[in-house]
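Enquirer: Any chance you can model this:
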Amino acid sequence: MTTREYLGRLGRPFAGLIGAGLGLAVLAALSNWLLLAVAGWFLAATAVAGLGSAAVQAGFNIVLPAACVRLLAMTRILARYGERLVTHDLALRQSGLVQSWLFGRIARIGSVRMAAYRGGDLLHRCVSDSDSDAIGRGWLDVVMPLAVACVMAIAGLAAASAFDARCALLLGVALLGMGGVWPVCLLRRQSGDTERLEALRIEDQAALVAMLDGFETLLIERGGEALAAEIAGRAAQAQGCADRIAGRQTLHGTMVVCVAALTAMGVALLGSATYHAGAGAGAGAAFLPMLALGALAVFDPLIPVGASCAALVRLRLAIARLSGMKSPAATPETDRAIAVPETIALDHVTVRHAEQGDAVLSGASLMLRREESTVLTGPSGSGKSTVLATLMGQIVPDQGAVLLDGHDAAGCDTRARTSVVAAVPQRTHLFHDTLRANMRLAVPEAEDDAIWEALDAAQLGPLARSWPEGLDTLLGEAGPGEAGVRLSGGEARRLAVAQALLRRKPWLVLDEATVGLDADTEQRVLDALDTLPWRPGIFHLAHRSAVQARAFHVLRLENGSIAPVRPP
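Expert: Numbering: from 1, shown residues only. The predicted structure follows:
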């Protein structure tokens, strides 16, 4: 999607705000232009009247132009204030819309394919001064400044041409140079440094997130001073690019001011010659300062164009990165709950995580039946988590299909499939909140009795009852002055299992659910799964022998293919 198409799609829902913001911005610019022009005429006319006879002084109306100056000044202030309110509200709304697009794209890509992205890279795409912010502020930072500059240039040329064609020609050449030719050159010069700065910011953010994740290891191996020096070195590179960008923008603003002053002087000289030649359309001498200051004010909207050039480069880069997040075609969303399937199958499924990479699954097939418990084993990295993501609709197969009771599940998105399948992925997240709140992520309306039943089945109930606060115990990393409990890896896995059991779905898919558990706890968890009152079909993705020993049959995933190890 091109930059114009993105801006059009982004602006369509907010056409009213865009129109109001643009109108207020133009009104503020026109008020400023007229204020300077009228003020220039008023001062000159007052001076001319003061040098005239008593009759001229008595006949000079000072009230009307003074009131006009005050009215224009108040209009400029109110228009600028209103424009700030409207345009910043617009930018926040559009940034929120872009973030919803981004998260929607991430959701369609799925958790497994998202593992190819670094956490810091995704953070840069989502937070302030990032891709979503650059796109969301596209109308505010790029379109509106250019639109206001164009409107003011047309108004200034029209006013100058009404007095003298030569003044209009001089003003037009100066505006074309500073508002057309020079910004194009500036845009080309800014592109390289802006691209480099954005790349450095993304890399720095990704590296910093990775450093914080492995801070203890890095501190031991490299020491604090080396880490600080590395961070400072990265920041220095980005600062160099930022300084060059800021320097060019400052140069642009300075050149606009200088050219505006020279143009105003030239317009004043040409206007004076026209006035003395008697060809000034009946205008008096006081009209000359009005003409010169009006020409000077026309250049004011050109000053933000330098910043707009850098914003345009960031906008293009952000759109390219967002468009580069390849996602499968969206499947039709299903609001209705699908029928409970008695069988779930993969039919010759092929999945590639990279466009030209080796297939993680290559013609893989399996059949799951509700009355059977099945285990899929295989070495680490063989693709077991990819099987889970494919079954849950997070990954659309490149070839083959997921079948529910023999019917293609392509029309059922992840939300529809979770109405019949409860899954525990290999990578789970524990939120910094109470135990009750973490459990209610699975079932928001769950009663405490149901929560305790699920915790007991996952063998986490005795531990939770030992905490003084019970279900109100704060889990995760405790902040300053907070009391909290940090769960071990095995305890966090059991909490994820408890969340899945709380949903009481007819199918249960567990990816390495017993990793990190001692043998005795593992056996008790497996015993609880075998005796669940609603008797779900259970599919384990695991390599532990205790899990395989209880399965009805065992399959093995290796080199992208699935083969039976222990038939039923």
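
Enquirer: Could you give me the buried positions within the host helix or strand of residue 364?
Expert: For residue 364, the enclosing helix or strand under DSSP states H and E is strand 361-369. If you call a residue buried by 16 or more other CB atoms under 10 Å, then strand 361-369 has these buried ones: 361, 362, 364, 365, 366, 368, 369. To be clear about C-beta, it is placed using only N, CA and C from the backbone, and glycine gets the same treatment.

Enquirer: ok now the strand or helix carrying residue 77, how far from the chain's centre?
Expert: Residue 77 belongs to helix 63-109 when assigned by DSSP H and E. Per CA atoms, centre = their mean, to the nearest Å, the displacement of helix 63-109 from the mean C-alpha position of its chain is 20 Å.

Enquirer: Determine whether the claim that residue 430 is in a helix is correct.
Expert: No: Residue 430 is assigned coil when assessed by DSSP: H, G, I helix; E, B strand; the rest coil, not a helix.

Enquirer: which one among the buried residues of strand 361-369 gets closest to residue 526?
Expert: Residue 526 lies nearest to residue 368 out of the buried residues of strand 361-369, by CB to CB, at 18.1 Å.

Enquirer: For the closest one, which non-adjacent residue is spatially closest?
Expert: Among residues not flanking residue 368 along the chain, residue 344 sits closest, at 4.5 Å (CB to CB, 6 or more residues apart in numbering).

Enquirer: pLDDT score for the one you found?
Expert: The model reports residue 344 with a pLDDT of 93.

Enquirer: Please list all residues in contact with residue 256.
Expert: Shown in contact with residue 256 (CB atoms under 8 Å, 6 or more residues apart in numbering): 178, 299, 302, 303.

Enquirer: just checking, next helix/strand downstream of the strand holding residue 364?
Expert: Using DSSP H and E, the next helix or strand after strand 361-369 towards the C-terminus is strand 374-377.

Enquirer: For the helix or strand following that following strand, give the mean pLDDT please.
Expert: Next in sequence after strand 374-377, counting helices and strands by DSSP H and E, comes helix 384-391. For helix 384-391, mean pLDDT is 88.

Enquirer: what does helix 384-391 rub up against?
Expert: Contact with helix 384-391 is made by 110-113, 344, 346, 349, 351, 353, 360-361, 364, 366, 376-378, 395, 397, 402, 417, 421, 423, 425-427, 509, 511-512, 539, 541, 557, as judged by CB under 8 Å, 6+ apart.

Enquirer: how near is residue 378 to residue 514?
Expert: Distance of residue 378 to residue 514, given as CB to CB, to the nearest Å: 16 Å.

Enquirer: I should have written residue 277 there, sorry.
Expert: Counting by CB to CB, the gap from residue 277 to residue 514 is 98 Å.

Enquirer: For those two, indicate the residue with more neighbours.
Expert: Using other CB atoms under 10 Å as the criterion, residue 277 and residue 514 rank with residue 514 on top: 23 against 9.

Enquirer: May I have the secondary structure class of the more buried one?
Expert: coil.

Enquirer: Look at the closest residue to it other than its chain neighbours and give its secondary structure.
Expert: With sequence-adjacent residues excluded and distances taken as CB to CB, 6+ apart, residue 514 is closest to residue 522, at 4.6 Å. For residue 522, the assignment made with three-state DSSP gives helix.

Enquirer: Next one: residue 522 from residue 547, what distance?
Expert: From residue 522 across to residue 547, the span is 8 Å (CB to CB).

Enquirer: repeat for residue 401
Expert: Taking CB to CB, one finds residue 401 at 28 Å from residue 547.

Enquirer: Compare those two (neighbour count), which wins?
Expert: Shown here are residue 401 and residue 547; by other CB under 10 Å, residue 547 has more neighbours (24 against 17).

Enquirer: any low-confidence regions in the stretch 51-200 of the chain?
Expert: 51-61, 103-131 (pLDDT under 70).

Enquirer: where does the nearest residue to residue 2 once chain neighbours are set aside land in three-state SS?
Expert: Spatial nearest neighbour of residue 2, excluding adjacent residues (CB to CB, 6+ apart): residue 319 at 8.0 Å. The three-state assignment at residue 319 reads helix, by three-state DSSP.

Enquirer: Near residue 319, how many other residues are there?
Expert: The burial count for residue 319: 21, using other CB under 10 Å.

Enquirer: before we move on, what about residue 450?
Expert: Using other CB under 10 Å, the number of residues around residue 450 comes to 15.

Enquirer: swap in residue 429?
Expert: Residue 429: 10 neighbours (other CB under 10 Å).

Enquirer: OK, contacts around the residue lying closest to residue 94 once chain neighbours are set aside?
Expert: Excluding the flanking residues, the one nearest residue 94 by CB to CB, 6+ apart is residue 136, at 4.2 Å. By CB under 8 Å, 6+ apart, the contact set of residue 136 is 10, 91, 92, 94, 95, 96, 97, 98, 99.

Enquirer: What strand or helix carries the closest residue to residue 82 other than its chain neighbours?
Expert: Spatial nearest neighbour of residue 82, excluding adjacent residues (CB to CB, 6+ apart): residue 24 at 4.8 Å. Assigning secondary structure by DSSP H and E places residue 24 in helix 15-51.

Enquirer: List the buried residues in that helix.
Expert: Buried-residue list, helix 15-51, by 16+ other CB under 10 Å: 17-18, 20-22, 24-46, 49.

Enquirer: tell me the centre residue of the protein?
Expert: residue 132 (2.7 Å; CA atoms, centre = their mean).

Enquirer: Next, that one: secondary structure please.
Expert: Going by three-state DSSP: residue 132 is helix.

Enquirer: what's the overlap in contacts for residue 522 and residue 547?
Expert: Taking CB under 8 Å, 6+ apart as the contact rule, residue 522 and residue 547 both touch residue 514.

Enquirer: for stretch 405-419, which positions count as buried?
Expert: By neighbour count on 16+ other CB under 10 Å, the buried set for stretch 405-419 is 409, 412, 413, 414, 416, 417, 418, 419.

Enquirer: ends of it, how far apart?
Expert: 15 Å (CA to CA, to the nearest Å).

Enquirer: Same check on stretch 412-426?
Expert: Counting by CA to CA, you get 23 Å between the two ends of stretch 412-426.

Enquirer: Also stretch 452-461?
Expert: End-to-end distance (CA to CA), stretch 452-461: 6 Å.

Enquirer: hmm, back to that, surely the residue nearest to residue 368 is within a strand?
Expert: Yes: secondary structure of residue 344 (three-state DSSP): part of a strand.

Enquirer: Offset the numbering so it begins at 29, please.
Expert: In the new count, where the first residue is 29, that last one comes out as residue 372.

Enquirer: any idea how far residue 434 is from it?
Expert: 10 Å.

Enquirer: Return the helix or strand in this protein with minimum mean pLDDT.
Expert: Of all helical and strand segments in the chain, the minimum by mean pLDDT, DSSP states H and E falls on helix 139-142, at a mean of 50.

Enquirer: any chance you could map the strands in the stretch 229-378 of the chain?
Expert: Assigned strands in the stretch 229-378 of the chain, in chain order: 371-379 (criterion: DSSP state E, counting those that start in this stretch).

Enquirer: Flag the shaky bits of it, pLDDT-wise.
Expert: In the stretch 229-378 of the chain, residues with pLDDT under 70: 234, 237-247, 249-252, 255, 306-314, 352-365.
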